[in-house]
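[1] quick one: sequence and predicted model below, then my questions.
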Amino acid sequence: MTLSTEKIVTEASSEETLHQQWTDEAFMALPDDGNQYEIVNGELVMSNSGAEHGYIAVILSTILYSFVRTHKLGVVLDSSTAFTLKTGNKRSPDVSFIAKERLQGLKKLPRGFWQGSPDLAVEVLSPSNTVEEIHNKIIEYFDNDTKLVWVINPEEEYVLIYHSPKPDGFLTPQDILDGENLIPGFQMAVAELFAELEF
């Protein structure tokens with residue numbers, strides 16, 4: 001759901017904060033309450049995803065992180081990472097990757113937000129997501145030089161591949177998710193994302 005700036009801060013005691021601008025400091029001071037926050041067109045957007053969504057994101061990020069770290073290809077980041085885009089919007093993909101070429105000279109990542117978009121952005125669909133919402137995010141990622149987007153649909157068990165705002169790949173559990181030239185050598189079975197629990 002989308003919450004206006006005023007609605008989010010109605011419990012604040014200071015009149016000044018009722019009309020606050022969403023500075024990096026104010027955005028980072030939001031509570032760590034399990035929700036994912038983004039700034040879109042000056043408004044705070046909050047989403048709260050279910051267990052399946054989080055589990056799929058962890059499966060992918062764990063396998064991707066292990067490969068990327070082993071081969072020293074860059075960094076993998078989780079959904080709490082916000083990217084400051086050219087519009088001023090702060091977007092938070094469910095999983096993201098930044099290639100090592102963009103990290104040259106850094107010993108540590110910035111404590112604040114990353115300026116620009118990730119090279120790979122991954123969105124795991126939730127029941128609350130709308131087509132327009134996801135489409136707008138994808139357009140904005142590519143407007144900010146993202147190279148690859150994966151959209152994972154847990155309900156229908158498929159992955160859409162984007163190299164531009166229009167999808168050009170459709171993967172089912174019989175297929176292999178490929179890092180292509182961006183994450184060379186990375187492959188995983190799509191079926192791993194949707195596997196049933198075994199205990």
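    Now that the structure is in, tell me what you want to look at.
[2] the nearest residue to residue 172 once chain neighbours are set aside bridge partners, please.
    Excluding the flanking residues, the one nearest residue 172 by CB to CB, 6 or more residues apart in numbering is residue 158, at 5.5 Å. No exception for glycine: its C-beta is placed from N, CA and C like everyone else's. Note on residue 158: beta-bridge partners by DSSP bridges are residue 153.
[3] who's in contact with residue 158?
    Applying CB atoms under 8 Å, 6 or more residues apart in numbering, we find residue 158 in contact with 152, 170, 171, 172, 190.
[4] residue 61 looks like it's in a helix, true?
    Yes - according to DSSP: H, G, I helix; E, B strand; the rest coil, residue 61 belongs to a helix.
[5] surely it touches residue 96?
    No - using CB atoms under 8 Å, residue 61 is not in contact with residue 96, being 9.1 Å away.
[6] so those two - more neighbours on which side?
    The neighbour count for residue 61 versus residue 96, taken as other CB atoms under 10 Å, is higher for residue 96 (26 against 20).
[7] state the distance from the residue most central in space within the chain to residue 195.
    Geometric centre of the chain, nearest residue: residue 93, 0.6 Å, by CA atoms, centre = their mean. Residue 93 sits 22 Å away from residue 195, taking CB to CB, to the nearest Å as the criterion.
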